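Asks: Okay, structure incoming, though there's no sequence with it:
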């Protein structure tokens with residue numbers, strides 16, 4: 001076996017972390033609003049989840065994704 005691991009790099013970039021954090025906040029808000037029967041807030045949280053996807057995509061295109069020029073991989 002080789003001592004060097006081949007890491008595909010998924011999820012270890014500022015773009016991925018930012019998108020996931022935004023979407024986790026959105027799902028948390030949506031779940032709480034669903035519990036309290038606040039449909040407007042549930043739909044707003046769904047919109048925030050979509051915004052999280054868009055922010056991740058924009059950051060990846062800006063170079064903060066895996067393989068981008070502004071991304072520096074960290075050792076494990």
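Replies: Thanks, I have the structure now. All values reported here derive from a predicted model rather than from experimental measurement.
Asks: Give the buried residues for the helix or strand hosting residue 58.
Replies: Under the criterion of DSSP states H and E, residue 58 resides in helix 39-59. Residues 42, 45, 48-49, 52, 55-56, 59 are the ones in helix 39-59 that count as buried (16 or more other CB atoms under 10 Å). Using the backbone N, CA and C atoms, a C-beta is placed for each residue, glycine as well.
Asks: Quick check: mean pLDDT of that helix?
Replies: If you average the pLDDT over helix 39-59, you get 98.
Asks: likewise stretch 25-32?
Replies: Stretch 25-32 shows a mean pLDDT of 98.
Asks: tell me what the helix holding residue 58 is packed against?
Replies: helix 14-35 (3 or more CB pairs under 8 Å, 6 or more residues apart in numbering; DSSP states H and E).
Asks: Please compute how far the helix it packs on lies from its chain's middle.
Replies: 9 Å (CA atoms, centre = their mean, to the nearest Å).
Asks: Please work out how many residues are found near residue 20.
Replies: 13 (other CB atoms under 10 Å).
Asks: nope, residue 67 is what I meant
Replies: 10.
Asks: ok, now residue 64?
Replies: 19.
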